[in-house]
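> Just to be clear, the model below is a prediction. Sequence and coordinates:
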Amino acid sequence: MANRGPTYGLSREVQEKIDQKYDPELEGILVDWIIAQCGGNMERPQAGKAHLQAWLMDGTLLCRLINSLYPRGKEPIKKIPDTQMAFKQMEKISQFLKAAEAYGVITTDIFQTVDLWEGKDMAAVQRTLVALGSVAITKDDGFYRGDRSGFHRKAQGNRREFSEEQLRQGQSLIGLQMGSNRGASQSGMTGYGMPRQIM
């Protein structure tokens, strides 16, 4: 974690709500996937979001993860420098985020660099990694490795083409969404101004 003082009042309440969204079970699924996807020659972090943050914080693993989803020679991040300088590590996280968006992860599923770097919202980091895994499974291009049960396949578009004749036929039908007047009658209705007959 970054060197920040304790939070008080509303800031503390907001941070506690953000922290409640973190899923320890999902953490294990994501760690297993990252190790399988990047090649099993890495050390597994201890359980807990602080350990996950420390494991991913330098950005190297994230860059290796996104590169492993592409064919050799077409990786989006060409050079992954091994450095301890903070701004370079944050730059690697930013490169991962841009590459994840280019891969197909929607913008609303992508975390901010400080969410990981300062540990402000590790649940957002989890959401991004789940979205990335789901997009990789949906693409089904042979580059996904690991257990597929932790992610879901995203819905695909199913465009339909109709001929002009089919479109004309559809205009003459009244859909049931508009309602139906079948069985409607005015029996039992009284004229305007007459008292209601209650028996």
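Cool, got the structure.
> okay, now residue 118: neighbour count?
By other C-beta atoms under 10 Å, 15 other residues sit near residue 118. (Each C-beta comes from the backbone N, C-alpha and C, glycine too.)
> For residue 90, see how far away it is.
10 Å (C-beta to C-beta, to the nearest Å).
> Next up, identify which helix or strand the residue lying closest to residue 42 once chain neighbours are set aside is on.
Nearest non-adjacent residue to residue 42, counting by C-beta to C-beta, 6 or more residues apart in numbering: residue 35, 6.0 Å away. Assessed by DSSP states H and E, residue 35 sits inside helix 24-38.
> Give me the buried positions along that helix.
27, 29-31, 33-35, 37-38 (16 or more other C-beta atoms under 10 Å).
> list the contacts for the residue nearest the centre of the chain?
Nearest residue to the geometric centre of the chain (C-alpha atoms, centre = their mean): residue 131, 3.6 Å. Shown in contact with residue 131 (C-beta atoms under 8 Å, 6 or more residues apart in numbering): 100, 105-106, 109-110.
> Determine which two of those are furthest apart.
Largest separation among the contacts of residue 131 by C-beta to C-beta: 100 and 106, giving 9.9 Å.
> Compare neighbour counts for those two and give me the winner.
In terms of neighbours (other C-beta under 10 Å), residue 100 is the more surrounded of residue 100 and residue 106; the figures are 24 against 11.
> Tell me the pLDDT of residue 100.
You'll see residue 100 listed with a pLDDT of 91.
> right, I mislabeled it, should have said residue 72
Predicted confidence (pLDDT) for residue 72: 86.
> Tell me where the chain has helices.
Here the chain has its helices, by DSSP state H, at 9-20, 24-38, 49-56, 60-67, 86-103, 113-117, 122-139, 164-171.
> Next, the buried residues of the shortest one.
Right, the one you point to is helix 113-117. For helix 113-117, burial by neighbour count (16+ other C-beta under 10 Å) applies to 113, 115-117.
> What residues of the worst-scoring helix or strand of the chain on mean pLDDT count as buried?
None of the helices or strands of the chain scores lower by mean pLDDT, DSSP states H and E than helix 9-20, at a mean of 76. By neighbour count with 16+ other C-beta under 10 Å, helix 9-20 contains no buried residues.
> Contacts for it next, please.
Residues contacting helix 9-20 (C-beta under 8 Å, 6+ apart): 6-7, 120-121, 123.
> and if you look at stretch 48-68?
Residues contacting stretch 48-68 (C-beta under 8 Å, 6+ apart): 1, 22, 24, 27, 30-31, 34, 37-39, 42, 45, 75-77, 80, 82, 84, 89-93, 95-96, 99-100, 103, 116-117, 119, 122, 125, 132, 143, 145.
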